[in-house]
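K.L.:
Okay, predicted coordinates and the sequence, questions at the end:
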Amino acid sequence: MICVSIGEQSVEKLLQTIHGVTDRGAQLVEIRFDWLAEPFDARQILAACEVPVIATARREADKGHWSESESERLALLQTVIDLGVDYVDLELDVASQFPRKGNTQRIVSHHDFESTPQDLEETHALLCAADADVAKIVTMANSPLDSIRMLQLVDQAETPTAGFCMGEFGVLSRILCGRYGSPFTYATVDRSSGTAPGQLTWDEMRDLYRFDEITRATKLFGVLGDPIGHSLSPLIHNTAFIEESFDGAYLPLRVRDNELLGFLQAADWLGIRGYSVTIPHKQQVMEFANRCDESVTAIGAANTLTYDQSGEWRATNTDYQAALDSLQSVLDKPEPGKFLRDRRVLMLGAGGVARAIGLGVLSQGGALTITNRTSSRAEKLADELNVPTLIWDDRGKEKFDIIINCTSVGMSPNIDESPFPPDALQPGMVVFDTVYNPQWTQLLRDAQSAGCTTVSGLEMFVRQAALQFELFTEKAAPMNFMRSIVKQHLSGD
């Protein structure tokens, strides 16, 4: 079950928020009495709730907002127990002061906002011994491995345990704790009202990650990267799973580069069977794979890991095929197998995506030239691909049939920037921008105004995700649906 944690300064706003979420289907709410900045009547507030309530009044020492005396806080907790609140949250050090009374269930809690200590089991045992109906143990994850340790604790607990980690490294534990026996997880009303670091919104937990539907049978996937908060991969894959009635959950997995191999080994316990891979892990992940596709070996990078029926991990690069398919989709009657023959292609950028697309261009007969703001990187990639380079400042002085931007220029929030001079764009040129946020970059707007054929990075992103979906699920991807979901998100709809 998802508990919606609600902290408001006024009673009026608190009740409005409670009614708002319960009218939309929330089944459990936490009232953070410590957030209220005005006098209140606990009886009035509890009487207004139509769903079960967890009553919490967190001290400032525990990162709460209670500013009155400790005796007043303890008196409030006793009052809500006397009123028969469904659950009361009691810190371990005060739990013994409240004898069990009526039907109120006791959540005995411990929070560590700094780390996930090694003595988790010992702390958990103390919580359970304090006459807990639910042991609640919440720590700060400083590594994704902390989340795995926490989930293992929840899985082994005999007393029902709400255990998960805070922070970006802890998101996976918030999503998966129910799978391992946690009676509930916590979510916030919206992004502006979080009561703890790393909380997802109730809508995300319910509609995107489908917390209440994740079981031991649910197939798990995720995206590996650092940073990862900006990724649209959880959106596109989870909504595609829903569209296709596929019992899967796709997780955002922030993993530092020095922890990648250790995480992948430890995550075997979770049963994750497919990963999308983004910066900075595309090269190192090849070390974990049992076998690499030919394109991965040629490119020197993978963006997908899948676990096959033989019990081996396979590394794939779907960026390569997605870029080619995106280009081919806008060309008139391209020759099969060599659809870029005799076309002059200028590629802006010399990173991993540029290498993948460059190899694809060459495989289809294109005449490739590379330019980059840092000339040494352009020369290095050009030597590897055996193609010429162009000085960055001269990129608009020669005529090319196709321009491909593989730099980050024009990416949100710098949406007014373009990597190519607009006056050098000519009718009939094809302009492909691998940036997909925003969908219509300044480069593509300039190209459209000049009469060029345009290819959005959104098209490549959707196509590479669709290829991953098929590897993950062995089902045809709902590509049109996936495209519409990303467009809606980027348009703010």
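P.N.:
Good, I have the coordinates.
K.L.:
alpha carbons only for contacts and neighbour counts from here, please
P.N.:
OK.
K.L.:
Just confirm residue 368 is within a strand.
P.N.:
Yes. Residue 368: assigned to a strand according to DSSP: H, G, I helix; E, B strand; the rest coil.
K.L.:
That one: neighbour count?
P.N.:
Per other C-alpha atoms under 10 Å, the neighbour tally for residue 368 reads 22.
K.L.:
Okay, it and residue 357: tell me how far apart.
P.N.:
Residue 368 is 10 Å from residue 357, where distance means C-alpha to C-alpha, to the nearest Å.
K.L.:
Give me the domain ranges for this structure.
P.N.:
Domain segmentation of the chain under automatic domain parsing yields 2-216, 233-316+465-484, 333-455.
K.L.:
if you take the average position of the chain, which residue is closest to it?
P.N.:
residue 252 (3.2 Å; C-alpha atoms, centre = their mean).
K.L.:
what residues are up against that residue?
P.N.:
Taking C-alpha atoms under 8 Å, 6 or more residues apart in numbering, we find residue 252 in contact with 171-172, 222-224, 228-229, 231, 234.
K.L.:
Residue 322 is nearest to which of the domains of the chain?
P.N.:
domain 233-316+465-484 (7.9 Å; C-alpha to C-alpha).
K.L.:
quick revisit: and the contacts of residue 252, which is closest to residue 8?
P.N.:
Using C-alpha to C-alpha, the contacts of residue 252 come closest to residue 8 at residue 171, 23.7 Å.
K.L.:
residues near that closest one, how many?
P.N.:
23.
K.L.:
name the element it belongs to?
P.N.:
Under the criterion of DSSP states H and E, residue 171 resides in helix 171-176.
K.L.:
where does that helix sit relative to the chain's centre, distance-wise?
P.N.:
Helix 171-176 sits 11 Å away from the centroid of its parent chain (C-alpha atoms, centre = their mean, to the nearest Å).
K.L.:
Name the next helix or strand downstream of that helix, please.
P.N.:
Moving toward the C-terminus from helix 171-176, the next helix or strand (DSSP H and E) is strand 185-188.
K.L.:
Mind giving me the packing neighbours of that next one?
P.N.:
In terms of contacts (3 or more C-alpha pairs under 8 Å, 6 or more residues apart in numbering; DSSP states H and E), strand 185-188 is packed against strand 2-6, helix 171-176.
K.L.:
Adding distance to residue 159 and mean pLDDT as columns, could you present these in CSV?
P.N.:
Formatted as CSV, the helices and strands packed on strand 185-188 follow (distance: least, C-alpha to C-alpha, whole Å; pLDDT from 0 to 100):
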stretch, distance to residue 159, mean pLDDT
strand 2-6, 19, 97
helix 171-176, 18, 97
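K.L.:
As JSON lines, these with distance to residue 329 would be great.
P.N.:
Listed next are the helices and strands packed on strand 185-188 as JSON lines, based on distance: least, C-alpha to C-alpha, whole Å:
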{"stretch": "strand 2-6", "distance to residue 329": "43"}
{"stretch": "helix 171-176", "distance to residue 329": "37"}
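K.L.:
residue contacts, residue 267?
P.N.:
By C-alpha under 8 Å, 6+ apart, residue 267 lies in contact with residue 148.
K.L.:
For residue 353, give me the pLDDT.
P.N.:
Looking at residue 353, its pLDDT reads 89.
K.L.:
List the contacts of it.
P.N.:
Contact partners of residue 353, counting by C-alpha under 8 Å, 6+ apart, are 319, 406.
K.L.:
Secondary structure element holding it?
P.N.:
Under the assignment here (DSSP H and E), residue 353 is part of helix 352-363.
K.L.:
What residues sit buried inside that helix?
P.N.:
For helix 352-363, burial by neighbour count (16 or more other C-alpha atoms under 10 Å) applies to 352-362.
K.L.:
ok, how many other residues are close to residue 410?
P.N.:
23.
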